[in-house]
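Undergrad: okay, predicted coordinates and the sequence, questions at the end:
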Amino acid sequence: MDFSIIITEYQFYLTGLWTTTWLVALSLLIGLIIALPMGVLRSHPNWLIKGPIWAYMYFFRGTPLLVQLFLVYYGVAQFDAIRDSSLWYYFQEAWFCALLVFSLNTGAYTAEIVRGVISTMPEGELEAAKAYGMSRWQILKRITLPNSVRRALPAYSNEIIFMIHGSAIAGVVTIVDITGAARVVNARYYAPFEAYLAAGILYMCLTFSVIYLFKQWEKRYKYI
Amino acid sequence: MFDLYGYKDIFLAGAWLTLQVALLSLLLAVVLGLIAALAKLSHSSVLTGIATVYTTIIRGIPDLILMLLIFFGGQMLVNNMSYNFNEWLNGVMTGYYPNHEWTSYLPDYIDISPYFAGIVTIGFIFGAYMAETFRGAILAVDKGQMEAATAYGMNKYKRFSRIMFPQMMRHALPGLGNNWLVLLKTTALVSIIGLQDMVKIAGDASGSTQKPFTFYLVVALVFLLYTTISTSFLKWAEHKYRIQTR
């Protein structure tokens, strides 16, 4: 085994690390923006609101991320209407498709977390806050949000790790993320063991940094 | 409902292959998970150490990377090992018998099938997740149960199979179900290492028919069908095996 290849080609891996980081971070951000209203409206009494959100969450949580990515990256080309429109400029870019699919995917999973946290909000705390004469905004800011964030953190940190791991498939559709970098290095030197091991170590570093950061964050809520 | 342009039969075969890979890897994952969970809870620090390294590394690396590593890297490793072994043994033999002819004692090229590699990798990955589920489940079983079993004179194997296993599975069921749903979706990755599962077939078919959306949508719907059946089965099982209180 010859790990000097990795040192010679470290720049590929650095580019890959950067791509993975921004792709995942941006997807998580957009996903969170989608998830908050979806998670809240998921329990809406009206079926016209609840139904489409249910379908969205059901589809994205029930099918593999890889199939979703292929559906958009390869599938959209089937529709002439999109090919002829200005949207095609974006849809022919692999990074755009990956960003779109990752955001929608993590949005669905996060919405489920939001829904779970809201539906298990202790009733007594809200009643106590009302009894204290807090306004709706005060209740949201002082009671609902801190309580929900604390209970959502462990599940959300899992979701982030799933997203980091899931993003590895971006390398399959020509994006040079960490996996993409490993594929390029492997193709150049035919050194699959070294190339993929290096990628694995990079992903492991990313994963454990996230776990560490969230542990620190969770600690802050421990004694409240 | 969907016109599959004559790809229907081969597609159904692919759908069945996906299910096979998923079920066989589940079996492997449950076995590995049980072993790793028992190792984690054992008193031997070596076993605990190995199991901890296993679960930590697996949960830190994406499944796709592990799959590529095991399929491509593993193949190379096996072949290099067999080559080196052949060289070494032939060297030894020539040392003893000068007119010894070079022979391949181990096959020169071992081809790992993607079917095998896929099942082994997915089973190996989810074994680590299962280990955590089973560890929690074992800890959830009341200690008195095992003490009573010991008092009855049951040996180690009987204690596990008669007392611990039936009770822990009840606690493990929700986690096991979640792991199964994730595992099922992970099987889509075997198409990347060249297995003719339904994702790969959809890719080939859309290449020749120019209908990628139709084919990938059908794949997505089949996966939805699998997950829907799984969730309803799991709901039923959880209801059936839930802990009855009076």
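TA: Ah, there it is. Numbering: from 1, shown residues only, chains lettered A, B, ... in the order given.
Undergrad: just the helices from chain A, written as ranges.
TA: Secondary structure of chain A, counting by DSSP state H: helices at A:4-8, A:10-41, A:47-62, A:65-73, A:80-84, A:88-91, A:94-119, A:123-131, A:136-139, A:145-166, A:178-189, A:192-220.
Undergrad: pLDDT on the first one, on average?
TA: Mean per-residue pLDDT for helix A:4-8: 83.
Undergrad: with the fourth one instead?
TA: Helix A:65-73 carries an average pLDDT of 93.
Undergrad: in the chain, where is pLDDT below threshold?
TA: I'll assume chain A. Along chain A, the parts satisfying pLDDT under 70 run over A:1, A:222-224.
Undergrad: look at chain B instead
TA: For chain B (pLDDT under 70), the answer is B:1-3, B:243-246.
Undergrad: name the stretch among the helices of chain A that sits most buried.
TA: Using mean count of other C-beta atoms under 10 Å in any protein chain shown, the stretch among the helices of chain A with the largest mean neighbour count is helix A:65-73, at a mean of 24. In this view, the C-beta of every residue, glycine as well, is placed from N, C-alpha and C.
Undergrad: please list the residues of chain A that sit near chain B.
TA: Taking C-beta under 8 Å from any C-beta of the partner chain, the part of chain A that reaches chain B is made up of A:58-59, A:62-68, A:70-71, A:74-79, A:161, A:164-169, A:171-172, A:179, A:182, A:186, A:192-193, A:196-197, A:199-200, A:203-204, A:207-208.
Undergrad: OK, contacts around A:Ala170?
TA: Counting by C-beta atoms under 8 Å, 6 or more residues apart in numbering or on different chains, A:Ala170 makes contact with A:19-20, A:23, A:69, A:94-95, A:98, A:102, A:177, A:179-180.
Undergrad: coming back round to it: need the helices of chain A in a markdown table (columns: distance to B:Pro114).
TA: Compiled in a markdown table, the helices of chain A are given as follows (distance: least, C-beta to C-beta, whole Å):
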| stretch | distance to B:Pro114 |
| --- | --- |
| helix A:4-8 | 25 |
| helix A:10-41 | 25 |
| helix A:47-62 | 25 |
| helix A:65-73 | 15 |
| helix A:80-84 | 34 |
| helix A:88-91 | 31 |
| helix A:94-119 | 24 |
| helix A:123-131 | 53 |
| helix A:136-139 | 56 |
| helix A:145-166 | 21 |
| helix A:178-189 | 17 |
| helix A:192-220 | 14 |
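Undergrad: now B:Gly194. Nearest residue, chain neighbours left out?
TA: Taking C-beta to C-beta, 6 or more residues apart in numbering or on different chains, and ignoring the residues beside it in sequence, B:Gly194 has B:Pro114 as its nearest neighbour in space, at 4.8 Å.
Undergrad: and of the contacts of A:Ala170, the nearest to chain B?
TA: Each of those was scored against chain B by C-beta to the nearest C-beta, and A:Thr179 proved nearest at 6.3 Å.
Undergrad: before we move on, the earlier item: so for B:Asp142, which of the helices of chain A sits nearest?
TA: Of all those, it is helix A:145-166 that lies closest to B:Asp142, at 25.9 Å by C-beta to C-beta.
Undergrad: next, the angle from that closest one to helix A:94-119.
TA: With axes from the mean of the first three to the mean of the last three C-alpha atoms, to 10 degrees applied, the angle from helix A:145-166 to helix A:94-119 works out at 150 degrees.
Undergrad: ok, and what's touching helix A:145-166?
TA: Outside helix A:145-166, the residues that reach it (C-beta under 8 Å, 6+ apart) are A:20, A:24, A:27-28, A:31, A:65, A:102, A:105-106, A:109-110, A:113-114, A:116-118, A:120-122, A:125, A:203, A:206-207, A:210-211, A:214, A:217-218, A:221, A:224, B:59, B:61-63.
Undergrad: circling back to that earlier point, am I right that the residue nearest to B:Gly194 is in contact with B:Val190?
TA: Yes. Counting by C-beta atoms under 8 Å, B:Pro114 touches B:Val190, with 6.5 Å between them.
Undergrad: so the two - more neighbours on which side?
TA: Taking other C-beta atoms under 10 Å in any protein chain shown, B:Pro114 and B:Val190 do not tie; B:Val190 has more neighbours (27 against 21).
Undergrad: spit out the contact partners of the more buried one.
TA: For B:Val190, the residues meeting the contact criterion (C-beta under 8 Å, 6+ apart) are B:18, B:21, B:67, B:114, B:118, B:122, B:197.
Undergrad: farthest pair in those residues?
TA: Among those, the pair separated by the greatest distance (C-beta to C-beta) is B:Thr18 and B:Met67, which sit 14.8 Å apart.
Undergrad: which SSE is immediately downstream of the longest helix that chain B contains?
TA: With residue count as the measure and DSSP H as the assignment, chain B has helix B:8-41 as its longest helix. Sequence-wise, the next helix or strand beyond helix B:8-41 is helix B:45-60, with elements assigned using DSSP states H and E.
Undergrad: what sits up against that next one?
TA: For helix B:45-60, the surrounding residues in contact (C-beta under 8 Å, 6+ apart) are A:161, A:200, A:203-204, A:207-208, B:36-37, B:39-40, B:42, B:66, B:124-125, B:127-129, B:131-132.
Undergrad: tell me which parts of chain B are close to chain A?
TA: Within chain B, the positions adjacent to chain A are B:57, B:59-66, B:68-69, B:72-73, B:75-77, B:185-189, B:191-192, B:199, B:202-203, B:206, B:210-214, B:216-217, B:219-220, B:223-224, B:227-228 by C-beta under 8 Å from any C-beta.
Undergrad: quick check: closest non-adjacent residue to A:Ile217.
TA: Wrong residue type there; residue A:217 is Trp, not Ile. Nearest non-adjacent residue to A:Trp217, counting by C-beta to C-beta, 6+ apart: A:Leu153, 6.5 Å away.
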